[in-house]
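Chemist: Need a 3D model of the sequence below.
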Amino acid sequence: MAIPNMSDEQMRTALKELEQAIYNHDQWAEMLYGTLICRLTPDQRDMSNDAHRMCRFAQWYYKSGAGVLAQHPGFLALGLEHEHMHEYAAGLLRSSVEGVPITIGEYERFVTALKRMRLETATLQRELEDALRNLDPLTGAPGRLGMLTKLREQREMVKRGVHACAVAMLDLDHFKAINDRYGHAVG
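Modeler: Residues are numbered from 1 along each chain as shown. Below is the predicted model:
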């Protein structure tokens, strides 16, 4: 999945906010386990139908994260997994409060949803990190390493007959003179 057109600074900010959201979610999960294991009184928000919109992870997802990443397919998948995970967590908490034993099936649905959410989160985090690592620091354009990866992907697609591909190169004569006269930022 490609990162939408974002500036270097937007990607750095998105990555930093995502890392904080991951930390907040991990803290929430630890509290959930403690509540279930120690039979503590749960936070009523965690048992509501819209719990996925009230947690600290949701503060990132529905507010700042939604800005620059909203069109990214992985971001949308992350939201669905987050919602499912909260739905199953609420069921576990309701069973605990009612004194009904939690079945292995209920627990496994929650754990599976949590793992899928974490996978989506880690994938999005890695894509942002890779995109940042592959940007030319001077121009912000995709760098050589990123280009080589894309070229290899395209070559494999052509080999499998998925589509055709063409590579075009451009050489600007005397461009060094522009860089020398006006500086690399202008060039």
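
Chemist: residue contacts, residue 3?
Modeler: By CB atoms under 8 Å, 6 or more residues apart in numbering, the contact list for residue 3 reads 11, 72, 127-128, 131. Where C-beta positions appear, they are placed from N, C-alpha and C, glycine not excepted.

Chemist: Most neighbours among those residues, please name it.
Modeler: residue 128 (23 neighbours; other CB atoms under 10 Å).

Chemist: Not counting its neighbours along the chain, what's nearest residue 116?
Modeler: Leaving aside its chain neighbours, residue 116 sits nearest to residue 81 (4.6 Å; criterion: CB to CB, 6 or more residues apart in numbering).

Chemist: What of residue 22?
Modeler: Distance criterion CB to CB, 6+ apart; nearest residue to residue 22, sequence neighbours excluded, is residue 121 at 5.7 Å.

Chemist: count of neighbours near the one you found?
Modeler: For residue 121, the neighbour count with other CB under 10 Å is 21.

Chemist: Equivalent analysis for residue 92, please.
Modeler: Residues near residue 92, counting by other CB under 10 Å: 22.

Chemist: Can you report phi and psi for it?
Modeler: With angles defined as degrees, to the nearest 10, residue 92 sits at phi -60, psi -40.

Chemist: residues contacting it?
Modeler: 32, 36, 102, 106-107, 110.

Chemist: Name the next helix or strand downstream of the helix or strand encompassing the residue nearest to residue 22, please.
Modeler: If you go by DSSP states H and E, residue 121 is part of helix 104-133. Downstream of helix 104-133, the next assigned helix or strand under DSSP H and E is helix 144-159.
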